[in-house]
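J.: Provided below for reference: sequence and predicted model.
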Amino acid sequence: MMVTSMVDLLIDLMALDYNYRGLRRLCAPQVKFLGVVKADAYGHGLVPVARKLVAAGADYLGVGSLEEGLILRRAGLALPVLLMLGILPGEAEGAVGAHMEVALFRKDVAQVVEAAAAAQGKKARVHLKVDTGMGRLGLLPQDVLPFLEGLHSYRHLEVQGLISHLAVAEIEDKTYTQKQIEDFSALLAAARQRGWKLPLSHIANSAALWEIQEAHFNLVRPGIMLYGSPANPHRPPPLELRPVMSVATQVLQLKRLPPGTSISYGCTYTTADWCDLAILPVGYCNGYPRQLSSKGEVLIQGRRAPIRGRVCMNLTMVEVTHIPGVKEGDRAVILGTDGGARLTADELAAWAQTISYEIYCALGTANPRRYVGA
Ligand SMILES: Cc1ncc(COP(=O)(O)O)c(C=O)c1O
């Protein structure tokens, strides 16, 4: 039996390769490059994306869980992998056994990683996570040196570096970001003065890679720009980015409705005039946000068709009265290009009051993915 999908989600790995090369050119040659592939590569597919980045020359990969790290190892990828959220104490043995590098911010985890490395006769690499202003994971700056002191006796841990994350690097006013970078540099200098080499310290996400050279330190850690969206949708990026993900569906039914007909759950939209309505087999179960109800648009025959009424679990209705000759089976692009027209993840995100990251994660993990350019 041939199984087809009503939602066609395409991942263009050549676009990923193109974005990688563009971002790499913005960094000095000695700066290492960690491709952030957590959350199933922002919904683009962990293994195919990781393979492409490695082939393109990435030095490191960053994942969100030990499970993702193990998937990479099972796929035969041997390069350094950073567990960006650290590990739970019970995961130390598995993480060390698979040569994972661990973001570290808990003493009990330091102990179990040391013990696992000692038991396995290995050195385990850790990156000390510092909260310089993100207000999320990591040691507070004043706790970093005492924490490092506590690691002195751990003969099986190699502290690779300090790592931190920037909270607002994408906005134009860089005051907060500069303070985070200064605090990070000061901590790094203080730790190095005490004899810690910390060869791989890093803080730069896409936005900082793009705009703040002094944030590159020894390694950059971009995610979103690899996938083709600017870190700040309101400012043109310094290089051409090619969207990696595109999503299309097709017109499942077409009908002509008289004035005064209500459309979809809640009867929130009523036709004012005769209306040609295309019913599309895509909805929030496919990661298409319900917030697009009566707000979003799709592309049919290279023209924009507005969503009428509520997005349902599996179905969305769009008006095509202004597009002559639409037929059942016609392609409807919900993300990507059609003729000269284009719908970006940032545009969908603006309608849904979210960010491109969430659009990619939602669409990418809810639908079968088809790849080109592997
Ligand atoms: C710790 C950390 N570093 C780097 C990144 C990559 O950020 P961006 O996708 O904005 O480049 C993320 C993304 O969430 C992150 O959590």
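T.: That came through fine.

J.: how about stretch 275-290: buried residues?
T.: 275-284, 286-289 (16 or more other Cβ atoms under 10 Å). Bear in mind the C-beta positions are built from the backbone N, C-alpha and C, glycine included.

J.: Which members of those occur in strands, if any?
T.: Judged by DSSP state E, the subset of the buried residues of stretch 275-290 located in strands is 275-280.

J.: check contacts around the residue in the stretch 101-250 of the chain that the ligand sits nearest to.
T.: Here the stretch 101-250 of the chain gets closest to the ligand at one residue, G223, 2.7 Å apart by Cβ to the nearest ligand atom. Going by Cβ atoms under 8 Å, 6 or more residues apart in numbering, G223 touches 35-36, 38, 42, 62, 205-206, 357.

J.: Okay, now the unreliable bits of the chain?
T.: For the chain, the stretches with pLDDT under 70 are 1-4.

J.: That one against the ligand: which residues are in contact?
T.: Counting by Cβ under 6 Å from any ligand atom, the positions of the chain adjacent to the ligand are 36, 84, 165, 205-206, 221-224, 231.

J.: Using JSON lines, lay out the residues you listed together with secondary structure.
T.: Listed next are these as JSON lines, based on DSSP: H, G, I helix; E, B strand; the rest coil:
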{"residue": "V36", "secondary structure": "strand"}
{"residue": "M84", "secondary structure": "coil"}
{"residue": "H165", "secondary structure": "coil"}
{"residue": "N205", "secondary structure": "coil"}
{"residue": "S206", "secondary structure": "helix"}
{"residue": "R221", "secondary structure": "coil"}
{"residue": "P222", "secondary structure": "coil"}
{"residue": "G223", "secondary structure": "coil"}
{"residue": "I224", "secondary structure": "coil"}
{"residue": "A231", "secondary structure": "coil"}
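
J.: which pair in those residues spans the largest distance?
T.: Within the residues of the chain next to the ligand, M84 and A231 form the most distant pair, 17.4 Å apart (Cβ to Cβ).

J.: neighbour-wise, which of these two wins?
T.: More crowded of M84 and A231, by other Cβ atoms under 10 Å: M84, with 25 against 21.

J.: Count the residues that sit near S201.
T.: 22.

J.: Quick check: it vs I181, distance?
T.: Distance check for S201 against I181: by Cβ to Cβ, to the nearest Å, it reads 11 Å.

J.: Ramachandran angles for the nearest residue in space to C285 that is not next to it in sequence?
T.: Nearest non-adjacent residue to C285, counting by Cβ to Cβ, 6 or more residues apart in numbering: M313, 4.9 Å away. Backbone torsions of M313, given as degrees, to the nearest 10, read phi -60, psi -50.

J.: Against the ligand, how distant is M313?
T.: Distance, M313 to the ligand, by Cβ to the nearest ligand atom, to the nearest Å: 28 Å.

J.: Now do the helices for the stretch 151-300 of the chain: every range, in order, please.
T.: 175-193, 206-211 (DSSP state H, counting those that start in this stretch).

J.: Buried residues of the longest one, list them for me.
T.: Okay, so that is helix 175-193. For helix 175-193, a neighbour-count test (16+ other Cβ under 10 Å) marks 177, 180-181, 184-185, 187-188, 191 as buried.

J.: quick one: contacts for the closest residue to S229 other than its chain neighbours?
T.: Leaving aside its sequence neighbours, S229 sits nearest to S356 (Cβ to Cβ, 6+ apart; 4.2 Å). Contacts were defined as Cβ under 8 Å, 6+ apart; by that measure S356 touches 224, 229, 233, 344-346, 348-349.

J.: so which pair among those residues is furthest apart in space?
T.: I224 and L348 (14.2 Å).

J.: Give me the most central residue, the chain.
T.: The chain has Y42 as the residue nearest its centroid, 3.4 Å off, counting by Cα atoms, centre = their mean.

J.: What count of nearby residues applies to the closest residue to it other than its chain neighbours?
T.: Using Cβ to Cβ, 6+ apart and skipping residues adjacent in sequence, the residue nearest Y42 is Y360, 4.7 Å away. Around Y360 there are 29 other residues, counting by other Cβ under 10 Å.

J.: Y360 is in what secondary structure piece?
T.: Element membership of Y360, judged by DSSP states H and E, is helix 356-366.

J.: Check which helices and strands the helix or strand following that helix sits against.
T.: The C-terminal neighbour of helix 356-366 among helices and strands, as given by DSSP H and E, is strand 369-372. In terms of contacts (3 or more Cβ pairs under 8 Å, 6 or more residues apart in numbering; DSSP states H and E), strand 369-372 is packed against strand 8-12, helix 13-25.

J.: Against P289, how distant is Q353?
T.: Look at Q353 and P289: by Cβ to Cβ, they are 9 Å apart.

J.: Apologies, that question was intended for G43.
T.: Going from G43 to P289 by Cβ to Cβ gives 13 Å.

J.: what do you get for P259?
T.: In terms of Cβ to Cβ, P259 sits 29 Å off from P289.

J.: Same check on A349?
T.: Distance from A349 to P289, by Cβ to Cβ: 9 Å.

J.: Kindly report the same for G302.
T.: From G302 to P289 the distance is 23 Å (Cβ to Cβ).

J.: ok, now S246?
T.: 17 Å.

J.: then stretch 343-358 to PDB, C-alphas only?
T.: Output of stretch 343-358 as PDB, limited to C-alpha atoms (Å, rounded to 0.1, in the frame of the first residue of the first chain):
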ATOM      1  CA  LEU A 343       5.900  33.100   3.000                       C
ATOM      2  CA  THR A 344       8.600  33.000   5.700                       C
ATOM      3  CA  ALA A 345       8.500  31.400   9.100                       C
ATOM      4  CA  ASP A 346       8.900  34.900  10.600                       C
ATOM      5  CA  GLU A 347       5.700  35.900   8.800                       C
ATOM      6  CA  LEU A 348       3.800  33.000  10.200                       C
ATOM      7  CA  ALA A 349       5.300  33.700  13.600                       C
ATOM      8  CA  ALA A 350       4.100  37.300  13.500                       C
ATOM      9  CA  TRP A 351       0.600  36.200  12.700                       C
ATOM     10  CA  ALA A 352       0.700  33.600  15.500                       C
ATOM     11  CA  GLN A 353       2.400  36.000  17.900                       C
ATOM     12  CA  THR A 354       5.400  33.700  18.300                       C
ATOM     13  CA  ILE A 355       8.900  33.300  16.900                       C
ATOM     14  CA  SER A 356      10.200  31.400  13.800                       C
ATOM     15  CA  TYR A 357      11.800  28.800  16.200                       C
ATOM     16  CA  GLU A 358       8.400  27.600  17.400                       C
END
